[in-house]
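Q: quick one, structure for this:
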Amino acid sequence: MSIIVKNVTKIYGEQKALDNVSFEIEKGHIVGFLGPNGAGKSTMMKIITCFIPQTSGEVKVCGFDVTDEPIDVKRHVGYLPEHNPLYLDMYVKEYLDFTAGVYKVPNRKDRVKEMIDMVGLGLEQNKKIGALSKGYRQRVGLAQAMIHDPEVLILDEPTTGLDPNQLEEIRNLIKQIGKEKTIMLSTHIMQEVEAICDKTIIINRGKLVANDSTLELQKKNQQGIVLTVEFDKPVLKAEFLTINGVNKVAQKSENTLVVEILADNVRNDIFQFAMQKDLTILTMQKETQSLENVFKQLTK
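A: Here you go, the predicted structure:
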């Protein structure tokens, strides 16, 4: 296992930021670490990266204990905090060389060039960091997190504040990096987790409320079978609710309904309804529960 967290509790004064949290992350997985604001995500990430100690419990990264062997943990971990702390007056290439020096990286010049190429900073490498857009600053942050070739990457909301183009670029970069490294990714963008994460961990008010593969999490929390049904003519949702076995109906457009049914055999009744109303069904598509809805259910 790349990360093992056992019964971790963190108390600030009288407030429990984390309450007996346990989970494991396997090597080579991209894991979405989710929770509402104030749930304890950043606190857990800071404990894993040895920035703050836990009050109780045990954390190991690549076999090293964060309490007893923090230097070894830091050698194996790359960390991009939520507020990317960069030296704005330094040039990109200069800053990465400085960071490589801190980690005593061998062949610093070659490693800096490799990182610049990997994160797409070739045209920006001779600019001051303060002159870069937020998207390029995030690339610099990712490069410094990876400069010492860590086995584990901890990324705390790496796509916050990016425009759609920048977001897609950083997301693709994370997917590429995830082929070789273990990545723990905190974000509020559920589509991002659905697109790139193998596993999802959700905490709420300091407690673990979900820990499963992203697809299984969606399946387990599916309350019914959801269909999107498109007709050739307008149809009223009030009429559709008269079909036995239809639980909920939402009007997506005048011709399209989103329907929650209690069993697969209700589809036959939907076809019968269409025939009676002289309607033609153009499409009927089964939908998967969105991760956003799962998140809402588990964190209310």
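Q: please pull out the lowest mean pLDDT helix or strand from the chain.
A: helix 214-220 (a mean of 76; mean pLDDT, DSSP states H and E).
Q: export only the CA atoms of it, formatted as CSV.
A: Below are the C-alpha coordinates for helix 214-220, written out as CSV (Å, rounded to 0.1, in the frame of the first residue of the first chain):
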residue,chain,number,x,y,z
THR,A,214,-16.0,5.5,-8.0
LEU,A,215,-18.2,3.3,-10.2
GLU,A,216,-19.3,1.1,-7.3
LEU,A,217,-20.0,4.1,-5.1
GLN,A,218,-22.4,5.4,-7.8
LYS,A,219,-24.1,2.0,-8.2
LYS,A,220,-24.5,1.4,-4.4
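Q: bridging residues for Asp156?
A: Taking DSSP bridges as the rule, Asp156 bridges to Ser186.
Q: tell me how many other residues crowd it.
A: Asp156: 22 surrounding residues under other C-beta atoms under 10 Å. Backbone N, C-alpha and C define where each C-beta goes, glycine included.
Q: what separation do you get for it and Val229?
A: 41 Å (C-beta to C-beta, to the nearest Å).
Q: how about the helices in this structure?
A: 41-48, 70-76, 92-102, 108-119, 134-146, 164-177, 190-196, 214-220, 237-240, 266-276, 291-299 (DSSP state H).
Q: quick one: residues contacting Pro53.
A: Ile47, Val66, Thr67 (C-beta atoms under 8 Å, 6 or more residues apart in numbering).
Q: who are the contact partners of Val92?
A: Ile116, Leu121, Glu124, Gln125, Asn126, Lys127, Lys128, Ile129, Leu132, Val140.
Q: tell me what the spatially most central residue of the chain is bridged to.
A: Ranked by distance to the mean C-alpha position of the chain (C-alpha atoms, centre = their mean), the top residue is Gly32 at 3.4 Å. Under DSSP bridges, the beta-bridge partners of Gly32 are Leu185, Thr200.
Q: and which of the contacts of Pro53 is nearest to Leu215?
A: Closest approach between those and Leu215, by C-beta to C-beta: Ile47, at 28.3 Å.
Q: pull the number of nearby residues for that closest one.
A: Neighbours of Ile47 (other C-beta under 10 Å): 24.
Q: and the pLDDT for the closest residue in space to Gly101 that isn't next to it in sequence?
A: Excluding the flanking residues, the one nearest Gly101 by C-beta to C-beta, 6 or more residues apart in numbering is Arg108, at 6.5 Å. You'll see Arg108 listed with a pLDDT of 92.
Q: how about the one 10 residues further on?
A: Here, the pLDDT recorded for Met118 equals 86.
Q: please report how far it lies from Val112.
A: Taken as C-beta to C-beta, the span from Met118 to Val112 is 11 Å.
Q: measure stretch 195-205 end to end?
A: From its first residue to its last, stretch 195-205 covers 26 Å (C-alpha to C-alpha, to the nearest Å).
Q: next: stretch 141-157.
A: For stretch 141-157, the end-to-end distance is 12 Å (C-alpha to C-alpha).
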